[in-house]
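In: Here's my sequence, what's the structure:
(one chain, ligands or ions: 2)
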Amino acid sequence: MVLSTFSYRRHHARTHRSLNRLGSSARAPQLRKRAVPFVANSSSRVRAICMGMCLHQDITEEGKKAKLRSSKIEQDLCEHARTEMNVVKILMLGAAESGKSTLIKQIKIIHSHGFSKQELISFKPAVLDNLLTSMKFVLRGMGMLRINLANKKNKMHARSILSCSQCFGDDQELLPFVAHAFCALWSDQGVRAAAARGYEFELNDSALYFFENMNRIIAPKYVPTETDVLRVRVRTCGIVETQFQLNEIIFRRTSLILLMNKTDLFQEKILHSGRHLRFYLSSYKGADGDVDAAAHHITAMFSSCNSSADKPVYHHFTTATDTANIQDVLHMVIDQIIKENLAAVQLL
Ligand SMILES: Nc1nc2c(ncn2[C@@H]2O[C@H](COP(=O)(O)OP(=O)(O)OP(=O)(O)O)[C@@H](O)[C@H]2O)c(=O)[nH]1
Ligand SMILES: [Mg+2]
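Out: Ligands and ions are numbered 1, 2, ... in the order given. Model prediction:
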């Protein structure tokens, strides 16, 4: 969003420069003399030249066209600036799979009428593909964990899933042999045992959700629900990479909000998995099973990276798949931004 604004400006600035060149070569000498004293900056220069042109009787056809194009650009820039004043720009930075896209989908659900049926349908191939990818991952994980299929007959289903590159046809309906294999494999105790230990082979966080909702998802004419859309993973790393090129001045003038996402999974891990934080961070001295202490320890590690004392980084604990939670957090974030803006103009 931000980049397109820049390119828009750059393009128009270029056009302005060429128009100015054209304007100066097209004008009569006495006009140039009258126009120049009014020049204060590049945009007032264009305006001064245009006004000068209006007064001149012997204006050429080329000059008239240039004047028209110039005032149209001027008008466009004003209009663009006016709309931009109401645009809130968000730069979302985070590791892969940290929940950036999920948060953006929640903003659409909360502030922009959610997803139309057509939009929901457009996620169907991604949901089916997530199911296929997750099943492949579990089958490969079984090899790593040395877990066998409970039913030997499921070997052929495992083979057909592992060799399948696309699980739906041109009509976007799941291929019948894939549906059959999914059902057989998800009924296999070996597959379930491996899926339950998914954290040992980095199984996608939403894989279990898709397996548990498999009967609904593999049914003919399936249409994804909003929850399915929040759970589906579509890769978007490219956007983040381009946004990194932005000038750091933008950061100096921007509210920095630290979202500690996936608190549901964090809590589950700290409370029930036996994978205590001290195993991974020797700096953690809190008790095992203390979710608050563990969460605040990690937050403090992030906050300590902030070197500017006058620019605090506010943090929130979020679960991006939970609409109510995100709604509350967005309220707090917006309040915070308004307060910062008021403080900046010294009203607080
Ligand atoms: N349980 C749980 N799952 C989450 C949460 N946030 C995101 N997810 C899931 O994590 C997966 C990855 O989320 P995305 O929003 O696609 O992550 P991303 O940061 O956009 O990832 P990239 O585009 O690869 O950089 C999806 O399956 C989400 O449904 C959360 O707070 N809790
Ligand atoms: Mg993404």
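
In: In stretch 83-98, which residues are buried?
Out: Ser98 (16 or more other Cβ atoms under 10 Å). For the C-beta atoms, the positions are set from N, CA and C on the backbone; glycine is no exception.

In: State the mean pLDDT of it.
Out: Stretch 83-98 comes out with an average pLDDT of 82.

In: I would like the C-alpha coordinates for it, written out in PDB, please.
Out: Taking Å, rounded to 0.1, in the frame of the first residue of the first chain, the C-alpha atoms of stretch 83-98 are listed here in PDB:
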ATOM      1  CA  THR A  83      -8.000  10.300   0.500                       C
ATOM      2  CA  GLU A  84      -4.600   9.400   2.000                       C
ATOM      3  CA  MET A  85      -5.400  11.500   5.100                       C
ATOM      4  CA  ASN A  86      -8.100   9.000   6.000                       C
ATOM      5  CA  VAL A  87      -5.900   5.900   5.300                       C
ATOM      6  CA  VAL A  88      -4.300   4.100   8.200                       C
ATOM      7  CA  LYS A  89      -1.200   2.300   7.000                       C
ATOM      8  CA  ILE A  90      -0.200  -0.900   8.800                       C
ATOM      9  CA  LEU A  91       3.200  -2.500   8.300                       C
ATOM     10  CA  MET A  92       3.000  -6.100   9.700                       C
ATOM     11  CA  LEU A  93       6.400  -7.700  10.400                       C
ATOM     12  CA  GLY A  94       6.800 -11.200  11.800                       C
ATOM     13  CA  ALA A  95       8.400 -14.600  11.200                       C
ATOM     14  CA  ALA A  96       6.800 -17.000   8.800                       C
ATOM     15  CA  GLU A  97       3.600 -18.500  10.100                       C
ATOM     16  CA  SER A  98       3.400 -16.000  13.000                       C
END
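
In: Any part of that stretch near ligand 1?
Out: Yes: contact between stretch 83-98 and ligand 1, assessed by Cβ under 6 Å from any ligand atom, occurs at 94, 96-98.

In: just stretch 205-220 next, same as before
Out: Yes: residues of stretch 205-220 contacting ligand 1 under Cβ under 6 Å from any ligand atom: 205-206.

In: CSV please, covering the residues of stretch 83-98 next to ligand 1 and showing secondary structure.
Out: Formatted as CSV, these follow (DSSP: H, G, I helix; E, B strand; the rest coil):
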residue, secondary structure
Gly94, coil
Ala96, coil
Glu97, coil
Ser98, coil
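
In: Spell out which residues sit in contact with the nearest residue to Ala195 once chain neighbours are set aside, please.
Out: With Cβ to Cβ, 6 or more residues apart in numbering as the criterion, Ala195 has its nearest non-adjacent residue at 5.0 Å, and that residue is Val138. Counting by Cβ atoms under 8 Å, 6 or more residues apart in numbering, Val138 touches 191, 194-195, 198, 203, 207.
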